[in-house]
Each structure stands twice: as structure tokens, then as C-alpha cells.
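Participant: How does the following fold in three dimensions:
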Amino acid sequence: MEKPFIIDLHTDIASNVLEATGKDISRRYSLHEGTPKVPGVVANNNVDLPRLRGGGVKLVFTSIFALDKKSLDELIKIDQKEYNFDKLKGIKFGIEAANEQMSYYQKVFRKYPDQVVNVKTKSDFANSKKTNKVGFLIHLEGVDYIDKDLKVLQKFYDLGARSLALTWRNRNKFGSGNNTQGGLTTTGKKLIKRVRKLGMIFDLAHANEETFWETVKIVDFPIIVSHTLCKALCDNSRNLSDEQIKAVAQKGGVLGMAAIPDYIGGDTLERYVDHFEYIINLVGDDYVAFGTDFDGLVGPEDTFMEGFTGSDGFPNVIKVFQKRGFSQKTVDKICFKNAERIILNNLK
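Facilitator: Take a look at the predicted model:
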């Protein structure tokens with residue numbers, strides 16, 4: 001029998017290091033340790049290599065998150081209180097931020113070759129499972145900076161990116177996020193086709209309902225929604241309706257459960273596990289996984305669940321699974337088998 005491990009479908013290590021903490025991921029940090037590089041953010045640490053190993057994590061999808069200034073301006077018009085980041089002096093946007101974050105990951109791979117591996121192929125993934133290394137699968141989140149001709153996409157693919165989400169909360173040339181109106185664009189359809197051809201994983205996290213449904217109609221391969229939860233349990237625009245959950249399942253996709261109390265509708269592990277159980281009861285246990293959004297919660301209002309403030313906390317969640325009566329087979333599917341299926345079905 002294969003030894004259980006964890007795959008986390010969404011973390012934000014690079015932007016956390018470069019903007020919020022300045023941490024060295026090779027050593028263990030406390031939750032609020034670090035020095036923010038940008039005023040207005042909080043030094044919240046959830047992920048480092050010791051905690052990943054302590055939590056049994058074998059692979060993380062780790063993002064490049066680079067909003068462009070135009071998109072931020074649009075979000076400010078929608079909700080100035082939440083999105084007015086003008087106080088964030090020195091923050092980088094667009095392609096400059098994306099390049100900086102990719103450079104950060106490349107430095108990590110060079111500096112810690114005995115601890116970290118960039119997972120780009122099925123073979124990389126298989127080899128990483130045989131070692132003590134943690135796999136980093138680079139994810140492009142909200143690709144405002146990718147050009148209409150998709151040359152930038154090819155560049156980032158060549159540098160190791162293997163997963164992509166069209167939008168963050170904003171609208172861009174490809175589609176619309178959860179705080180905006182509009183659907184999938186012609187350029188967005190072109191991007192999805194290229195993602196599939198390259199052998200990348202496609203993520204609908206942050207897509208609004210129109211973009212979600214227009215995408216689901218045209219894809220013929222397994223997709224993910226990397227960090228979301230159940231709208232039936234917490235009515236948040238980032239959470240999915242029963243119909244959306246069923247649609248992802250029908251595509252053979254996977255839903256990553258975000259460790260975000262505002263989306264969970266509570267700050268306890270019991271309430272978090274309610275979302276896993278809800279999906280299992282709705283569509284079965286083949287379509288749910290972890291997608292924490294760790295290292296991405298750096299606002300002064302962000303909170304965490306007791307017992308799950310970082311990547312070393314996965315065993316605490318598993319204890320609640322067991323308390324609920326989840327079988328070992330179901331626990332293994334949540335922890336790694338479902339996400340592993342997506343990796344093997346998409347990567348070359």
C-alpha cells in the first residue's frame with residue numbers, strides 16, 4: 001500500500017515572501033514572524049519547508065499572483081474600502097511582479113535542490129514521491145499579464161509553470177472574476193485550448209458564475225477549482241453552488257477546500273470538515289481535496305482555524321475526518337489520490 005501524503009492545490013509562497021514576510025522557507029517560522037515589505041499587509045506565515053514536512057505534505061501548487069494596475073483600479077471602483085491598495089507603496093504589478101515571483105521560485109530550486117523539486121512532468125512527480133523532497137508545482141493565478149498572442153504563457157511554461165487560472169477577482173482579457181460581471185472571452189477560449197495543448201492544469205478558482213459555466217461547456221478534460229468551499233454552507237461569492245460542484249465532478253475534476261474562515265462560515269476544524277462531508281454526500285469522495293490558500297492571507301482582517309494555522313496542521317484535520325467516520329480509502333482520496341489523478345491526467 002502506498003504511504004499516505006498530502007497534496008495542497010493552492011498556496012501563495014512567492015508573493016508572501018516578497019511582500020509580507022521576507023522569510024527563508026528552509027527554516028520554521030512562527031505564525032506572525034517576519035517583516036512586511038509592503039505597508040498594509042501582515043506577516044502571516046503558513047508555509048515553510050519544516051512545516052510542509054511536519055504535515056506530511058509531498059506537493060504544493062504554489063502560485064505566481066500578479067494583478068495589473070488596471071485591474072486593481074477596476075476593483076477599487078467596485079469597493080474602495082476593500083480594494084484601495086494605494087497605501088501599498090512599492091508593490092509591483094503585472095509582468096514585473098510575475099517575473100519577480102518566478103525568479104524567486106527558480107532561486108529556491110537552485111538553493112535547495114536536496115529539499116525542493118519543480119514538478120513539471122509526470123516523471124518529476126513520480127520521482128519526487130520516492131524522495132524526501134517537496135514538490136512545487138507552479139501555478140499562474142489571475143493572468144492579467146499574459147498577452148493576447150500567448151507568448152508570455154509559453155515563456156512561463158518553459159520556466160516551469162504547469163497550472164493556470166484565468167482571473168483573480170477582477171475582469172481581464174480572458175474572463176471575469178467573482179467580484180465582476182461578464183463571461184469567458186474569445187481570447188479566454190484560445191488560452192484554454194493552449195493550456196490543454198501544453199499539458200497544464202486548468203483552474204476555475206475565482207471565476208464568476210458566467211465565466212464558470214461558459215468554460216464548463218467547452219472543456220473536455222478534468223479541471224480543478226483549487227481553493228473554494230460550499231455555498232450551501234456559507235453564502236460567499238468564492239464558494240460553489242451544488243450545481244457547480246456537480247459540474248466539476250462530471251468533468252472528473254477536483255475541488256480544493258480552502259482553509260479560510262470567512263469562506264468556511266466558522267473558524268473550527270469541525271466546520272471546515274463539514275464542507276468535505278457535504279461534497280462527499282453530494283457527488284462522492286472522488287472530487288474533493290485540500291486547497292488551503294496558505295501564505296495568501298496577509299490582510300489585517302485575516303484569521304485562521306485553531307489547529308490549522310499552517311502546513312504542519314494537516315494531521316489535525318485528518319483526526320476530524322477519522323472522528324467523522326471517514327474510511328481510510330476516503331481519507332487517502334482527499335489527501336492525495338484525487339489531486340494525483342488530476343496531475344497524471346494533465347501533465348505530460
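Participant: Now for residue 152, how many residues are close by?
Facilitator: 17 (other Cβ atoms under 10 Å). Backbone N, C-alpha and C define where each C-beta goes, glycine included.
Participant: Distance check, it against residue 226.
Facilitator: According to Cβ to Cβ, to the nearest Å, residue 152 and residue 226 sit 21 Å apart.
Participant: Likewise for residue 331?
Facilitator: With Cβ to Cβ as the criterion, residue 331 and residue 226 are 20 Å apart.
Participant: So these two - more neighbours on which side?
Facilitator: residue 226 (32 against 18).
Participant: The more buried one: what's it in contact with?
Facilitator: 9, 10, 61, 139, 163, 165, 203, 205, 256, 291 (Cβ atoms under 8 Å, 6 or more residues apart in numbering).
Participant: Any chance of the backbone angles for it?
Facilitator: Phi and psi for residue 226, reported as degrees, to the nearest 10, are phi -70, psi -30.
Participant: Could you report the pLDDT at it?
Facilitator: Looking at residue 226, its pLDDT stands at 98.
Participant: now do residue 87
Facilitator: 50.
Participant: again with residue 136
Facilitator: 99.
Participant: what sits against it?
Facilitator: Here residue 136 is in contact with 13, 59, 60, 62, 105, 108, 109, 116, 117, 118, 119 (Cβ under 8 Å, 6+ apart).
Participant: host element of the fourth one?
Facilitator: Counting by DSSP states H and E, the secondary-structure element that holds residue 62 is strand 57-65.
Participant: So what's the residue count around residue 195?
Facilitator: 26.
Participant: Could you measure from it over to residue 278?
Facilitator: Taken as Cβ to Cβ, the span from residue 195 to residue 278 is 29 Å.
Participant: what do you get for residue 318?
Facilitator: For residue 318, the distance to residue 278 - Cβ to Cβ - is 18 Å.
Participant: Also residue 152?
Facilitator: On the measure of Cβ to Cβ, residue 152 and residue 278 end up 38 Å apart.
Participant: mean confidence score for stretch 94-106?
Facilitator: pLDDT averaged over stretch 94-106 gives 95.
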